[in-house]
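S.K.: Whatever this is, show me its structure:
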Amino acid sequence: MKAFWRAVVAVVAASAALAMAEQPFRDWSGKPTPPLALHDLSGKPVDLAALRGRVVLVNFWATWCEPCIAEMPSIARLEEKLQGKPFAVLAVNYGESRAKVEKFLGKSGVKVHVLLDPDQKAADDWGAKGLPMSFLIDARGNVRTWVFGERDWSDAASMKRVGDLVTEAAGAGR
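M.R.: Residues are numbered from 1 along each chain as shown. You can find the predicted model right below:
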């Protein structure tokens, strides 16, 4: 019986370590970039297609999702570091009310451009079956990479991946 409980503890510990591990970038091999047209917290319509020429991080998240909450400050730091460059963040909230999202952002102090996906249709279209799920869109509007799970978006690997796309976008604009 002791061996059984040791095995259970080992599995739980391994699962916890995996959950805390930095999630890898994965190359996109899926369908063409799905459309994304939602309203932001102020009610203004936002369309991903209108952001062509910029690299866009599309992040699906929710206020009840612990890994989402943990990564949100790093997304804000990434956006701050790339201010003035052809880069944007669209943080797509998964099915929550405007009031709940505004309350969360007010408490957390995180400043990101949030879009509301009240019926989770955009999440379904993008295949975001779990949270957080993020997609890096190049300046031509193509999904290049995606990540399922929490990442530190302001770490060196993330900055390099996003920075390479931003450099590519800036070079294309010449």
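
S.K.: gap between Val143 and Leu136?
M.R.: 7 Å (Cβ to Cβ, to the nearest Å). (Glycine included, C-beta is placed from N, CA and C.)

S.K.: And Val166, by the same measure?
M.R.: Noted for Val166: a distance of 10 Å to Leu136, by Cβ to Cβ.

S.K.: Could you do Ser42 as well?
M.R.: 25 Å.

S.K.: ok, back up a step: name the residues contacting each of Val166 and Leu136.
M.R.: Each of Val55 lies in contact with both Val166 and Leu136 under the rule Cβ atoms under 8 Å, 6 or more residues apart in numbering.

S.K.: mind listing the helices for the chain?
M.R.: Ranges of helices within the chain are 2-20, 66-81, 98-108, 121-126, 156-172, based on DSSP state H.

S.K.: ok, the residue nearest the centre of the chain - contacts?
M.R.: The centroid of the chain falls nearest to Asn59 when counting by Cα atoms, centre = their mean (2.3 Å). When contacts are counted by Cβ under 8 Å, 6+ apart, Asn59 touches Glu71, Ile75, Val89, Leu90, Ala91, Val92, Pro132, Met133, Ser134, Phe135.

S.K.: Same list, those residues, but as JSON lines with neighbour count and distance to Arg161 please.
M.R.: Shown next, in JSON lines, are these (neighbours: other Cβ atoms under 10 Å; distance: Cβ to Cβ, whole Å):
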{"residue": "Glu71", "neighbour count": "23", "distance to Arg161": "15"}
{"residue": "Ile75", "neighbour count": "24", "distance to Arg161": "14"}
{"residue": "Val89", "neighbour count": "20", "distance to Arg161": "14"}
{"residue": "Leu90", "neighbour count": "22", "distance to Arg161": "17"}
{"residue": "Ala91", "neighbour count": "24", "distance to Arg161": "18"}
{"residue": "Val92", "neighbour count": "25", "distance to Arg161": "20"}
{"residue": "Pro132", "neighbour count": "26", "distance to Arg161": "16"}
{"residue": "Met133", "neighbour count": "22", "distance to Arg161": "16"}
{"residue": "Ser134", "neighbour count": "28", "distance to Arg161": "11"}
{"residue": "Phe135", "neighbour count": "25", "distance to Arg161": "12"}
